[in-house]
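Q: quick one, what's the 3D model for this:
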Amino acid sequence: MQLDPSRLAPMANAIRALSMDAVQAANSGHPGMPMGMADVATVLFAEQLKFDPKAPKWPDRDRFVLSAGHGSMLIYSLLYLTGYEAPTIADIRNFRQLHSPCAGHPENTELAGVECTTGPLGQGFAMAVGMAMAERHLNAVFGGDLVDHRTWVIAGDGCLMEGINHEAVGLAGTLKLGQLNVLWDDNNITIDGDTALSTCEDIPARYAASGWHVTRCDGHDYADIARALAEAAADPRPSLIACKTVIGQGAPNKAGSHSVHGSPLGPDEVAATRAALGWTAAPFEVPAEILADWRSLGARGAAARAAWEARMAADPQGSEFSRRMAGELPADKGAARDYLASLVANPPKVATRKASEMALEALTVAIPELVGGSADLTGSNLTKTKATPSFSASDYAGRHVHYGIREFGMAAAMNGMALHGGVIPYGGTFLVFADYCRNAIRMSALQHARVVYVLTHDSIGLGEDGPTHQPVEHVMSLRAIPNLLVFRPADAIETAESWAVALKQAGRPSALALSRQNLPPVRFDTEMKTAKGGYRLKAADAARQVVLVASGSEVEIALACAAQLESAGIGADVVSMPCTELFDEQDAAYRADILPAGVLKVSIEAGITLGWQKYVGDGLTIGIDRFGASAPADQLYDYFGLTADKIVPQITARLGR
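A: Have a look, this model is predicted:
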């Protein structure tokens, strides 16, 4: 479309009208950002964005991320106006209402045109970095005929203030992600008021110092916006475009003030805005000629998509590319079975972090879309394999990302990689530092993203580093996140099974809590028992009176307890519980068989006891309900009472023996 302000202005005003009407109808929402960025968004969709509303999952589309997710009516308006199947105008009328796909913040599971769920500020930006990483990786593997698209982001002052922004900006600059372009809604307003209340940062200088291209534009001048977008698209570096805008542009009495940020305009100001804009259409109505202009933008993408489809059909790698983008694992050639058989034949005594590395050596060969990484702990997390050279600006085909000390940025980038498609990301840090990236882990679960978190040094078993590094509450707190599988395997076989199960979870993330210390083998079969979440590892010899339930490094302690109890004529089952979430998904009969009524049930885990009552009822919960200490691991286990000699007397006392 030619840059004709007489046509672009009404198109932008359609965004303003829909946004203020929807927020007003809901009596809730954020009209200021959509109204302020309407002109920028209109030029972006008219001049730069490659998309086709009739094929919203077209793999080579540009990715558009609304990092400032509170301004959700901007993206809902754009999707409706350009002709996506949803949202409909009825959906927009029901903005922020139960079961409307137009949720308060955009959700990727609700609308096909929403690339990622945003709202927690800064994370959309950081996920976009991951999307740009995935694009460059797939471009390097499959070539520009199949993969050559950009990632465009609209971010607000809040996105740029968040700490994760510093992590994401540094990573993107280091990796020279030139296909990434960020449109900063530079309106100097946050909820509290003028940004001068809380910051004096020279944001463009920070980006420039991080290796970014920086330019500016008047966010209400269509020609200047177009110039800046073209300049950014042409530059080989990631770009920040500072779009100087007025929040709530068009509202004659509230524009430019923080009062328009997170509250409806009110009936009087809505009427005044209609008059100021010359917008005579009724609420939720868009004049036919304006809607036709918007729909023409949507229809324009069909030709580009058809040309791409022809290229893919002729490309010898087309089927492999399609498989990866569909999220389908490669055909099983028996690698996992053979690896498990080798563990049975030669059971190793290794830390489960080492067992994870051993499993990854096989998996990264069998599954080429696995892209690993670590937050500067590669040698401790053991995430790099022979098949995963480093991913860098000089080798985007690499498969191991050096994220630096950026746990939050790493987790969000992995979400973006997973949501982009074609990549299954995994990344490592110490379990205790999962708190640094917890909200991104939560966002993995909320977005149904297949991301695997490799969280090592999982208990007091890490020893001398002391309580700052010893996780106590972390495993149980991660178990509290819905739609997240948390695995704490006991040996090499359970670790391999945990990886196998995690990679099959196309619609949810997984976290592997792995030991620093060596653990003896406790399993000697290949029956994939970890898929049940919990299973009977040892059945009682004498009449069953006790069921011992343990995870990870405490399974060997449970076995030692059982041996002492059996020697006293007390029958004891041992249940290994590597994943409580999967156990909870088993049918009632299976769960009742594994944890039967009428016997004493005892949990043993080197962490807080909160949560184990669900499984042991009024039985015993053995754990650590305080912070750890600095000492060798064996001394710590004895000090905190996590030995058979100190647990068995508690059991016999409860039994009245």
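Q: quote the end-to-end distance of stretch 197-214.
A: 24 Å (C-alpha to C-alpha, to the nearest Å).
Q: what sits up against that stretch?
A: With contact meaning C-beta atoms under 8 Å, 6 or more residues apart in numbering, stretch 197-214 is reached by 157, 160-161, 166, 169-170, 172-174, 176, 184, 190, 192, 216, 231-232, 235, 237-240, 242. C-beta coordinates here come from the backbone N, C-alpha and C atoms, glycine included.
Q: restricted to helices, list those residues.
A: Among those, the members falling in helices are 157, 160-161, 166, 169-170, 172-174, 231-232 (criterion: DSSP state H).
Q: and stretch 233-243, what's buried?
A: By neighbour count with 16 or more other C-beta atoms under 10 Å, stretch 233-243 contains the buried residues 237-243.
Q: could you tell me the end-to-end distance of that stretch?
A: Start-to-end span of stretch 233-243 (C-alpha to C-alpha) is 15 Å.
Q: give me the mean pLDDT for it.
A: Averaged across stretch 233-243, the pLDDT comes to 98.
Q: distance between that stretch and the chain's centre?
A: 25 Å (C-alpha atoms, centre = their mean, to the nearest Å).
Q: roughly how far does Met37 sit from Ser296?
A: Applying C-beta to C-beta, to the nearest Å, the value for Met37 to Ser296 is 21 Å.
Q: between these two, which one's more packed in?
A: A count of neighbours by other C-beta atoms under 10 Å puts Met37 above the other of Met37 and Ser296, at 30 against 13.
Q: neighbours around the residue nearest to that one when sequence neighbours are not counted, how many?
A: Take Met37 and drop its neighbours on the chain: the residue closest to it by C-beta to C-beta, 6 or more residues apart in numbering is Asp185, 5.1 Å away. Around Asp185 there are 29 other residues, counting by other C-beta under 10 Å.
Q: got a list of what Asp185 touches?
A: The contact partners of Asp185, taken as C-beta under 8 Å, 6+ apart, are 33, 36-37, 40, 68, 154-157, 219, 243, 245, 247.
Q: low-confidence stretches in the chain?
A: Along the chain, segments meeting pLDDT under 70 span 1-3.
Q: helix or strand next in line after the longest helix along it, which one?
A: Looking across the chain with DSSP H, the single longest helix is helix 288-314. Next along the chain after helix 288-314, taking DSSP states H and E as the criterion, comes helix 318-326.
Q: quick check, distance from that following helix to the centre of its chain.
A: Counting by C-alpha atoms, centre = their mean, helix 318-326 comes out at 22 Å from the chain centroid.
Q: isn't there a helix covering Ala445?
A: Yes: assigned with DSSP: H, G, I helix; E, B strand; the rest coil, Ala445 falls within a helix.
Q: pretty sure it contacts Ser510?
A: No: counting by C-beta atoms under 8 Å, Ala445 does not reach Ser510; the two are 9.9 Å apart.
Q: which neighbours do those two share?
A: With C-beta under 8 Å, 6+ apart, Ala445 and Ser510 have common neighbours Leu484.
Q: before we move on, back to that, filter the contacts of stretch 197-214 down to the buried ones, PyMOL style.
A: Of these, the buried ones go into a single PyMOL selection, burial set by 16+ other C-beta under 10 Å:
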select buried, resi 157+160+161+166+169+170+172+173+176+184+190+232+237+238+239+240+242
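Q: what sits against Ala233?
A: If you count contacts by C-beta under 8 Å, 6+ apart, Ala233 has them with 48, 150, 181, 239.
Q: turn those residues into CSV, columns for distance to Gly461 and secondary structure.
A: CSV is the format used below for these (distance: C-beta to C-beta, whole Å; DSSP: H, G, I helix; E, B strand; the rest coil):
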residue, distance to Gly461, secondary structure
Gln48, 53, coil
Arg150, 46, coil
Asn181, 46, strand
Ser239, 46, strand
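Q: please, where are all the helices along the stretch 351-500 of the chain?
A: 352-366, 378-381, 407-420, 438-446, 474-479, 492-503 (DSSP state H, counting those that start in this stretch).
Q: what's the closest of the ones you listed to Ile290?
A: Closest approach to Ile290 among those is made by helix 407-420 (31.8 Å; C-beta to C-beta).
Q: could you say what helices and strands the closest one packs with?
A: helix 123-142, helix 163-175, strand 370-374, strand 424-430, helix 438-446 (3 or more C-beta pairs under 8 Å, 6 or more residues apart in numbering; DSSP states H and E).
Q: next, the angle from it to helix 438-446.
A: 20 degrees (axes from the mean of the first three to the mean of the last three C-alpha atoms, to 10 degrees).
Q: run the angle between helix 407-420 and helix 163-175 for me.
A: Using the same axes, to 10 degrees: helix 407-420 against helix 163-175 is 70 degrees.
Q: re the thing from before, for the longest helix of the chain, buried residues please.
A: 290-291, 293-294, 297-298, 300-301, 305, 308, 312.
Q: before we move on, back to that, which one of the contacts of Asp185 is nearest to Gly409?
A: Using C-beta to C-beta, the contacts of Asp185 come closest to Gly409 at Ala155, 14.6 Å.
Q: got a list of what the residue nearest to the closest one when sequence neighbours are not counted touches?
A: Of all residues not flanking Ala155 in the chain, Ser67 sits nearest, at 4.2 Å (C-beta to C-beta, 6+ apart). Each residue near Ser67 by C-beta under 8 Å, 6+ apart is listed here: 118, 121-125, 128, 153-156, 159.
Q: and Ser67, backbone torsions?
A: phi -60, psi -40 (degrees, to the nearest 10).
Q: state the distance from it to Val182.
A: Distance from Ser67 to Val182, by C-beta to C-beta: 8 Å.
Q: shared neighbours of those two, which are they?
A: Joint contacts of Ser67 and Val182 (C-beta under 8 Å, 6+ apart) are 125, 128, 153-155.
Q: where's Ala560 relative to Gly623, distance?
A: Ala560 is 17 Å from Gly623, by C-beta to C-beta.
Q: more neighbours: these two, which one.
A: More crowded of Ala560 and Gly623, by other C-beta under 10 Å: Gly623, with 21 against 17.
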